[in-house]
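Visitor: have a look at this fold, sequence not included:
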């Protein structure tokens, strides 16, 4: 259920209940059926980012429960973008965890990376040098990254467009990136800085 990418850093995927087949390419519904979530043993909290439980929730809880217990610190649930509420409330209720908004200070070892004008605040995990985006960086289906389809940005006012998003994402390149753990598509766990550079050039 959980893939341990680094000691104390985990990712899993689950089928999103809102996914529908047959979406047109580059449309708002053009994304893979399974989406990714992240768990991280931060120094003073067990952090869940955009958690989504599968239909059989017990499979996820049985995998997470021993990790939470072993870590022994409070659970903090972070969300990257408004559309990723997912199983946030269920996770918070199960573990008595705090639902940490983008306005609030995240746990030690975790930073928020605002993407100006793009309605997203990415999560930066400092020790493993791992970036967790929401919708603005996604897998490209070839082992790399891309920016989201422009149709995903149409609701934003004032409009940002892909050129604006490219500029907004530029500060991400200043991070010592080793991994980008996308929600949509496959994570990049090597040469992440190069993958982001390529995504912003395309």
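Guide: Cool, got the structure. Predicted model only: the values in this text are computed from it and were never measured.
Visitor: my guess is residue 170 is in a helix, correct?
Guide: Yes - in this structure, residue 170 lies within a helix as judged by DSSP: H, G, I helix; E, B strand; the rest coil.
Visitor: contact partners of the biggest strand by length in the chain?
Guide: With DSSP state E applied, the strand covering the greatest number of residues in the chain is identified as strand 34-42. Contact with strand 34-42 is made by 2, 8-16, 46-52, 64, 67, 71, 73, 76, 86, 107-110, 123, 125, 128, 130, 132, 181-184, 187, as judged by Cβ atoms under 8 Å, 6 or more residues apart in numbering. Quick note: C-beta positions are derived from backbone N, CA and C, even for glycine.
Visitor: hmm, which of those are the buried ones?
Guide: For the contacts of strand 34-42, a neighbour count by 16 or more other Cβ atoms under 10 Å gives the buried set as 8-14, 16, 46-52, 64, 71, 76, 86, 107, 109-110, 123, 125, 128, 130, 132, 181-184, 187.
Visitor: looking at these, which are in helices?
Guide: Those of the buried ones among the contacts of strand 34-42 mapping onto helices are 64, 71, per DSSP state H.
Visitor: looking at the buried ones among the contacts of strand 34-42, which are in strands?
Guide: Using DSSP E, the members of the buried ones among the contacts of strand 34-42 that fall within strands are 9-14, 46-49, 76, 110, 123, 125, 130, 132.
Visitor: looking at those residues, spot the one nearest residue 157.
Guide: residue 123 (24.7 Å; Cβ to Cβ).
Visitor: let me know the pLDDT of that closest one.
Guide: The predicted local confidence for residue 123 comes out at a pLDDT of 98.
Visitor: next: the one 5 residues further on.
Guide: With respect to pLDDT, residue 128 has a value of 98.
Visitor: any idea how far residue 176 is from it?
Guide: The span separating residue 128 from residue 176 equals 11 Å under the rule Cβ to Cβ, to the nearest Å.
Visitor: report the mean confidence score over stretch 165-181.
Guide: In this model, stretch 165-181 has an average pLDDT of 97.
Visitor: report the buried residues of it.
Guide: By neighbour count, with 16+ other Cβ under 10 Å as the criterion, the buried positions of stretch 165-181 are 165, 168-169, 172, 175, 177-181.
Visitor: residue 143: which of those is nearest?
Guide: Sorting the buried residues of stretch 165-181 by distance to residue 143 puts residue 180 at the head of the list, at 11.6 Å, by Cβ to Cβ.
Visitor: right, and that closest one touches residue 144 too?
Guide: No - taking contact to mean Cβ atoms under 8 Å, the distance of 9.5 Å between residue 180 and residue 144 leaves them out of contact.
Visitor: in a strand, residue 152, correct?
Guide: No - when the secondary structure is assigned by three-state DSSP, residue 152 falls in helix instead of a strand.
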